[in-house]
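Chemist: could you work out the structure for the sequence below:
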Amino acid sequence: MDDEARRAPAGTATTATPDAAVILRVLRVCLHSGFAVLLLVALVRLLGTGLQGTDWLILGLALVLAAVYLLGTVLEKRHSTDPSRFDPRPYSHLWLGAVCLLWLLLIWASADFVWLAFPIFFLQLHLLPLRLALPAIAVSTVLVIVALWFHNTGADGGALQLPMVLGPAFGAAFAVVTGLAYRALYLEAEKQRLAAEELRRTRAELARSQHDAGTLAERARLAREIHDTLAQGFSSIVLMSRSAEKSLDDGDAAMARDRLRTVQETASANLAEARNFVRGLQPPALAEKPAETPAENPAEDPLVNSLRRLCEKTETEAAARGTRLRCRFDLEGTPVDLPNTYRTTLLRAAQASLANVWVHAQAGTAVVTLSFLGSEVAMDIYDDGAGFDPSAVRGPAGRPDGSGYGLKSLQERVAALSGSLDIESAPGEGTVVAIRLPLGDSPAGSQA
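Modeler: Have a look, this model is predicted:
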């Protein structure tokens, strides 16, 4: 075979397809068995006439040839089954040269070893590049013809007979055709093996990329949840504890107790959020569903209750900062049973927006309006505060100081539900955050 085909260990091509594996294995077994049978026949004929004179030398050369051939095939087989073992391929040409040399000495001594030429033709096709294998087979064929002529009629001066030429010539031609077919099959099997390895490599890379993408998506989800819940909760705890400390310094024990109660409630809510992160459940504020459906008792809808409590909590936290903020919740339309993803997104949007109102906006009024419009659910968060330039917080970096992640998180949440997020604001003109989520046949809307 050519150099490219011989780079792979013999036997590795059998991993391509079962049919190719069987054919290649059978051809190798036939080649080695044929060599052994022909050599054994020659030895039997040699021993049958009795060993005299140079017959002992011929027997020794035959045994050496058998040992060299067996050594090469055993080493090749061991390496093909275990690539960590000694690799005989770099020495294959030397091994073939030794086999051919011993064979030439034997056919010079006895015509019984001439027929070993046929398996040797296959070896030459297998181990040599095609441009060298064909001339080597031609030379070997000529030597076989000469040996047959010499041992049969040449010693008596007889002429070369046609069967002495046709037999080796047809044998060489058959060996070449069969060897080329074997070579083509081997190359095709090798291509299939390489394709299978590439497929396995591609699958492994795809699995790694999918795992990395899943990891990044989970990190982004946790970042959104932590920002919209725990981080804001901790901020509220710090604020309310400072307010309680100030009330104690001023001697207002009632106000201090009220602030500490808010701290406890916020800490309990944050603890519940943290536990739900681990369990992967819905927000605690939405966990319990009423016995009545929203249509029967809108006031018991968990999202409505959560938003109403959030507005009250926002007023309390704003008062702790010394800000007079009136936060109101309005409901329009009849509530419908929303998927958990919708309720979570709307609640997180209200939490993030109201946190920005009492921290940044310096507003006097904030209104959260939840509207059920048949084909969609909408929520608007309005404040009459200082306003801002929405373009300044767009993009992955947010504001130059690193804030503005809440808006990016909200955009990702809404986009995941095929909804829309619009922000209308300008410096000194207040802000409106408008969210629209489709109902009905939307993918998210079909979730329970």
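Chemist: which elements pack onto the helix or strand where Thr266 lies?
Modeler: Using DSSP states H and E, Thr266 falls within helix 253-279. With contacts taken as 3 or more Cβ pairs under 8 Å, 6 or more residues apart in numbering; DSSP states H and E, helix 253-279 sits against helix 162-225, helix 232-249, helix 284-287, helix 302-320. Glycine gets a C-beta too; all of them are placed from N, C-alpha and C.
Chemist: what's the most buried one of the ones you listed?
Modeler: helix 302-320 (a mean of 19; mean count of other Cβ atoms under 10 Å).
Chemist: how far out from the middle of the chain is it?
Modeler: 46 Å (Cα atoms, centre = their mean, to the nearest Å).
Chemist: before we move on, what about stretch 366-381?
Modeler: 42 Å.
Chemist: tell me the mean pLDDT for it?
Modeler: Averaged over stretch 366-381, pLDDT sits at 91.
Chemist: residues near the closest residue to Leu106 other than its chain neighbours, how many?
Modeler: Once flanking residues are discounted, Leu106 sits nearest to Phe113: 4.0 Å by Cβ to Cβ, 6 or more residues apart in numbering. By the criterion of other Cβ atoms under 10 Å, Phe113 has 27 neighbours.
Chemist: give me the phi and psi for Phe113.
Modeler: Dihedral pair for Phe113: phi -100, psi 0, per degrees, to the nearest 10.
Chemist: any idea how far it is from Leu148?
Modeler: According to Cβ to Cβ, to the nearest Å, Phe113 stands 11 Å off from Leu148.
Chemist: give me the most central residue, this protein.
Modeler: Nearest to the mean C-alpha position of the chain, by Cα atoms, centre = their mean, lies Ala207 at 2.0 Å.
Chemist: ok, then the element right after the helix or strand hosting Leu70?
Modeler: Assessed by DSSP H and E, Leu70 sits inside helix 55-81. Sequence-wise, the next helix or strand downstream of helix 55-81 (DSSP H and E) is helix 92-109.
Chemist: I'd like the next helix or strand past that following helix.
Modeler: That would be, after helix 92-109 and using DSSP H and E, helix 117-127.
Chemist: CA atoms of that next one as CSV?
Modeler: Taking Å, rounded to 0.1, in the frame of the first residue of the first chain, the C-alpha atoms of helix 117-127 are listed here in CSV:
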residue,chain,number,x,y,z
ALA,A,117,6.2,-15.6,-5.0
PHE,A,118,2.4,-15.2,-5.0
PRO,A,119,2.1,-14.1,-1.3
ILE,A,120,5.3,-12.1,-1.7
PHE,A,121,3.6,-10.2,-4.6
PHE,A,122,0.8,-9.2,-2.1
LEU,A,123,3.4,-8.1,0.5
GLN,A,124,5.1,-5.9,-2.0
LEU,A,125,1.8,-4.3,-3.0
HIS,A,126,0.9,-3.8,0.6
LEU,A,127,4.2,-2.4,2.0
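Chemist: residues in contact with it: which ones?
Modeler: The contact list for helix 117-127, computed with Cβ atoms under 8 Å, 6 or more residues apart in numbering, reads 1, 6, 31-32, 34-35, 38, 92-93, 96, 99-100, 103, 107, 133, 136-137, 140-141, 144, 168, 171-172, 175-176, 178-180, 182-183.
Chemist: contact partners for the residue nearest to Leu106?
Modeler: Phe113 neighbours (Cβ under 8 Å, 6+ apart): Leu39, Ala42, Ala62, Trp103, Leu106, Ile107.
Chemist: spatially nearest residue to the fourth one (excluding sequence neighbours)?
Modeler: In space, and not counting its chain neighbours, Trp103 is closest to Leu116: 5.6 Å by Cβ to Cβ, 6+ apart.
Chemist: so Gly364 makes contact with Ala386?
Modeler: No. Applying Cβ atoms under 8 Å as the test, Gly364 and Ala386 come out as separate, 11.0 Å apart.
Chemist: hmm, back to that, ok, which pair from the contacts of Phe113 is furthest apart?
Modeler: Between any two of those, the greatest separation by Cβ to Cβ is 12.2 Å, found for Leu39 and Ile107.
Chemist: what residues do those two have in common as contacts?
Modeler: Phe113, Leu116.
Chemist: list the beta-bridge partners for the nearest residue to Val433 once chain neighbours are set aside.
Modeler: Of all residues not flanking Val433 in the chain, Ile381 sits nearest, at 4.4 Å (Cβ to Cβ, 6+ apart). Using DSSP bridges, the beta-bridge partners of Ile381 come out as Val368, Val433.
Chemist: thought Ile381 was touching Ser425?
Modeler: No. Counting by Cβ under 8 Å, Ile381 does not reach Ser425; the two are 11.1 Å apart.
Chemist: in terms of neighbours, single out the busier of the two.
Modeler: Neighbour count, other Cβ under 10 Å: between Ile381 and Ser425, Ile381 has more, with 23 against 18.
Chemist: can I get the contacts of Phe113 in CSV including distance to Leu127?
Modeler: Listed next are the contacts of Phe113 as CSV, based on distance: Cβ to Cβ, whole Å:
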residue, distance to Leu127
Leu39, 19
Ala42, 23
Ala62, 22
Trp103, 14
Leu106, 20
Ile107, 20
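Chemist: who's in contact with Arg436?
Modeler: Counting by Cβ under 8 Å, 6+ apart, Arg436 has contacts Glu376, Val377, Ala378, Gly419, Ser420, Asp422.
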